[in-house]
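Asker: show me how the following folds:
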Amino acid sequence: MNASSNNIDKKRMTKNTVVLYIRMLFALLLGFYTVRLLIASLGIEDYGLYNVIFGLVTAFSFFSGAMQSTVQRFLCCELGKDNEENIRRVFSASLVLFIVLSALVVLFAETIGLWFLKNKLNIPCCKMNLALNVYQFSIFMIIFKVLQIPYIAVITSYENMQTYAKISILDVCLHFASVAVLLLISENRLIFFAGFYTLSNFIILLFYVLYCWKKYSICRIGLHCDKKYLKEMSSFFSWSLFGALANISRQQGLNLLLNVFCGVILNATWGIATQVGGAITQFYISFQQAFNPQILKSFHDPDRKAFFDLLQSCSKYSFFLVWLVALPLLLQTEFLLKLWLGNNLPDSVVIFTQFMVICVIIDAISAPLWVAVQATGNILRYQIELSILLCSTCLFSLICLQMGVPAYFVALVNTVINFLAWLYRLIYLCRVANFPVISYFFNAIIPITIVGGISAVCGILTQVFVSGKWNTIILYLVLISLINLIITVLFGLSASERLQLSMYIKRKLKA
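Answerer: Residues are numbered from 1 along each chain as shown. Below is the predicted model:
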C-alpha cells in the first residue's frame, strides 16, 4: 500500500495507536479497581439500582453515538478537502444540533422517563426516594457527556490523540475520586456518588471546551446556524438515529427486561458483565480510533484498494488484540471475576460475562465495516434494515423470559443477533461499495478462524492439568497468553506482515 498516493499516514496511525493504548491500559486497570470499590461501597443492591437508573437515562441520549459519528464524518470529509471555512461551518452546525438535542433529553427524561421510573421499574418502595434523587443527578451527568461530543469529534478528526488520551485519563481519575470519597461517607453513599460523578463530568466538559477554544480556530465561534450543513448533517443524522435507537433499545432494553422479570440483582449481574465487556472493547476501540479518520478519508481516493485493504487489516488486527485478553477470560471466567470482585458473585454472572465477551469479539471484527458504511454516505436502507435486526433482540428476549427460561438466554440471544449483524454489514458493503468479500474472507476471516481455533483448543486441552490453586491458575493464564501470541504471529500474520514486525522490533532494539 502506497501511503503517499492513498493519503494513509502509517506513522501517525502507529503513534496514535500507541498513545491510545497507554491511555486504555491505565483506564482499564483503574476502571476495574473503581468498579470493585464502588460495589464494595454501595453493596450489590444499590449498585444494581444505580445501573438500571443510569441505563434508563442513557436511553434518552441514544442519539449521541450517531451524532458523534455524523460530526466526525463531515469533519473528516472537509479536512480531506482542506477547506477550513467549511470545517468551521460543520462544527457550528454540530454545536447547534447538540444543544437542541440536549434540551430534548431533559424534556423526555423529566416526563416519560420519570413516569417509567415511578410506575414500571421494579424498585423496592423503601428505595424510591433514593432512586428519584439519583435519577435527577443522572440527567445532568448525561447532558454533560453529550455536550463533550462535538469537541471530542474535533480532536479525533484532527488525529490529536495525545490530548484526547490525557483528558480521558483525567476523566478516569475523577471517576475514581468520586468512588474513593465514598470511604469517608457513612450514609447516602449512592446519592453522594451520583453527585460527585456528575461534577466530574462537568469538569471534563470544561477541559474540552477550553482546550478546543485555544487550539482550534474553528471552535472560536458563536452559535451560527449554517443552513446548508445543518440540513445535510440533520439528514445523515436522522437516518443514523435508526441504528442508535436500535442499539440503545437493545442495550438498555435488555437491562430493563431483566429488571422487570428478575429484579435489581440481575441488573447488577448485567452491569458487571457489561463492565467486563466495556473494558475488553477498549482493546479494539483504541486501535480503531487511530484508523477511523484514515478509513473515512481514504474512501474518497480514486484507488479503492487502499480503502479495502485498510478495512481487512483493521478487522483482523482488532480480533487479535481482543483475543489476547478474551481467551484467558473465557477459560477462567469465575476465577478472574472472584479475583476482581471477591467470592460473593451474583448468580449467573459467569455465563453472562462469557456471552458478553463473545459479543465484544464479534463487534471487534465488525466495527470497521460500520465505519466503511458511514464513509459511503449511503446509510438509509442500511439503518432501517439493521435497526429491525437489532431491535429483534429485545423481542426474542422477552419471549424467552415469558416462557420461563433461565435469564442467561437474554445474553445468548444478544450474541446471536450480533453475529447476524456482522453478516448483514458484509452483504450491504458488497452491494453498495463492491466490497471484495472473497478477499476479506481469505485475508481476514480465515486467519481469524485459524488463530482462534488453534489457541482455543490449546487452552481447553491444557486446562485439565490446572489445579484449583490461584498461583497455578495465574501461571496457566500467562502460559496460554504466550501460546496465543505465538500462534497469532505464526498463523495470523502474512509473510510480509511478519517481516515488517521483525524489522520494527530490530529498530526498537537498536534504538
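Asker: so, low pLDDT: which residues of the stretch 351-500 of the chain?
Answerer: Using pLDDT under 70 as the threshold, the predicted model of the stretch 351-500 of the chain has low-confidence ranges 377-378, 467-468.
Asker: report the buried residues of stretch 395-405.
Answerer: Neighbour-count burial for stretch 395-405 flags 396-398, 400-401 (criterion: 16 or more other CB atoms under 10 Å). C-beta here means a position set from N, CA and C on the backbone, and glycine is covered the same way.
Asker: can you list which of the residues you listed are found in helices?
Answerer: The members of those that map onto helices under DSSP state H are 396-398, 400-401.
Asker: these into CSV, with extra columns for distance to Tyr208?
Answerer: Compiled in CSV, these are given as follows (distance: CB to CB, whole Å):
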residue, distance to Tyr208
Phe396, 39
Ser397, 36
Leu398, 39
Cys400, 42
Leu401, 41
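Asker: so what does the helix or strand hosting Ile361 touch, helix or strand wise?
Answerer: Ile361 is part of helix 349-376, with elements assigned from DSSP states H and E. Contacts of helix 349-376 with other secondary structure elements, assessed using 3 or more CB pairs under 8 Å, 6 or more residues apart in numbering; DSSP states H and E, are made with helix 63-81, helix 264-298, helix 304-331, helix 333-341, helix 409-433.
Asker: got a markdown table for those, with distance to Tyr440 and mean neighbour count too?
Answerer: Formatted as a markdown table, the entries for these read as follows, by distance: least, CB to CB, whole Å; neighbours: other CB atoms under 10 Å:
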| stretch | distance to Tyr440 | mean neighbour count |
| --- | --- | --- |
| helix 63-81 | 22 | 22 |
| helix 264-298 | 14 | 23 |
| helix 304-331 | 6 | 21 |
| helix 333-341 | 31 | 17 |
| helix 409-433 | 7 | 18 |
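Asker: of these, which is nearest Cys359?
Answerer: Taking CB to CB, helix 409-433 is the member of those nearest to Cys359, at 4.9 Å.
Asker: output the helix or strand just after that closest one as PDB, restricted to C-alpha atoms.
Answerer: For helix 409-433, the succeeding helix or strand toward the C-terminus, using DSSP H and E, is helix 437-440. The C-alpha atoms that make up helix 437-440 are tabulated as PDB, following Å, rounded to 0.1, in the frame of the first residue of the first chain:
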ATOM      1  CA  VAL A 437     -16.000 -10.300   0.200                       C
ATOM      2  CA  ILE A 438     -13.900 -13.200  -1.000                       C
ATOM      3  CA  SER A 439     -10.700 -11.300  -0.400                       C
ATOM      4  CA  TYR A 440     -12.000 -10.300   3.000                       C
END
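Asker: what comes up buried for helix 437-440?
Answerer: The neighbour-count check on helix 437-440 (16+ other CB under 10 Å) flags Tyr440 as buried.
Asker: so which residues make contact with that helix?
Answerer: Residues outside helix 437-440 that contact it (CB atoms under 8 Å, 6 or more residues apart in numbering) are 308, 311-312, 315, 426, 430.
Asker: now do stretch 320-337
Answerer: Everything outside stretch 320-337 that qualifies as a contact, by CB under 8 Å, 6+ apart, is 272, 276, 280, 283-284, 287, 345, 349-350, 353-354, 357-358, 360-361, 364, 448, 451-452, 455-456, 459-460, 463, 470, 473, 476-477, 480-481, 484-485, 488, 492.
Asker: just to revisit the earlier point, for the ones in helices among the buried residues of stretch 395-405, which one is nearest Leu38?
Answerer: Closest to Leu38 out of these is Ser397 (26.7 Å), distances taken as CB to CB.
Asker: grab the nearest non-local neighbour of that closest one.
Answerer: If you skip the residues right next to it in sequence, Ser397 has Val410 as its closest partner in space, 4.5 Å away by CB to CB, 6 or more residues apart in numbering.
Asker: cool, and Cys391?
Answerer: With CB to CB, 6+ apart as the criterion, Cys391 has its nearest non-adjacent residue at 5.0 Å, and that residue is Ala246.
Asker: so who does the one you found touch?
Answerer: Ala246 makes contacts with 386-391, as judged by CB under 8 Å, 6+ apart.
Asker: ok, now with 7 Å
Answerer: 386-387, 390-391 (CB atoms under 7 Å, 6 or more residues apart in numbering).
Asker: now do Asn255
Answerer: Asn255 is in contact with 52, 55, 267, 270, counting by CB under 7 Å, 6+ apart.
Asker: and if we set it to 8 Å?
Answerer: For Asn255, the set of contacting residues under the criterion of CB under 8 Å, 6+ apart consists of 51-52, 55, 267, 270-271.
Asker: what helix or strand does the residue nearest to Ala268 when sequence neighbours are not counted sit in?
Answerer: The spatial neighbour of Ala268 that comes closest, neighbours along the chain excluded (CB to CB, 6+ apart), is Gly48 at 3.5 Å. Element membership for Gly48, per DSSP H and E: helix 44-59.
Asker: low-confidence stretches in the stretch 101-250 of the chain?
Answerer: The low-confidence ranges in the stretch 101-250 of the chain, as defined by pLDDT under 70, are 221-226, 237, 239-241, 244.
Asker: tell me where it has strands.
Answerer: Secondary structure of the stretch 101-250 of the chain (DSSP state E, counting those that start in this stretch): no strands present.
Asker: ranges for the helices of it?
Answerer: Taking DSSP state H, counting those that start in this stretch as the test, the helices found in the stretch 101-250 of the chain are 114-119, 128-157, 161-180, 189-215, 227-262.
Asker: buried ones in the fourth one?
Answerer: For helix 189-215, the buried set under the neighbour-count rule, 16+ other CB under 10 Å, comprises 189-202, 204-205, 207-208, 211-212.
Asker: Lys338 versus Leu199, what's the distance?
Answerer: When distances are taken as CB to CB, to the nearest Å, Leu199 and Lys338 turn out to be 33 Å apart.
Asker: can you check Phe319 too?
Answerer: Phe319 sits 28 Å away from Lys338 when distances are taken as CB to CB.
Asker: over to Tyr440?
Answerer: On the measure of CB to CB, Tyr440 and Lys338 end up 40 Å apart.
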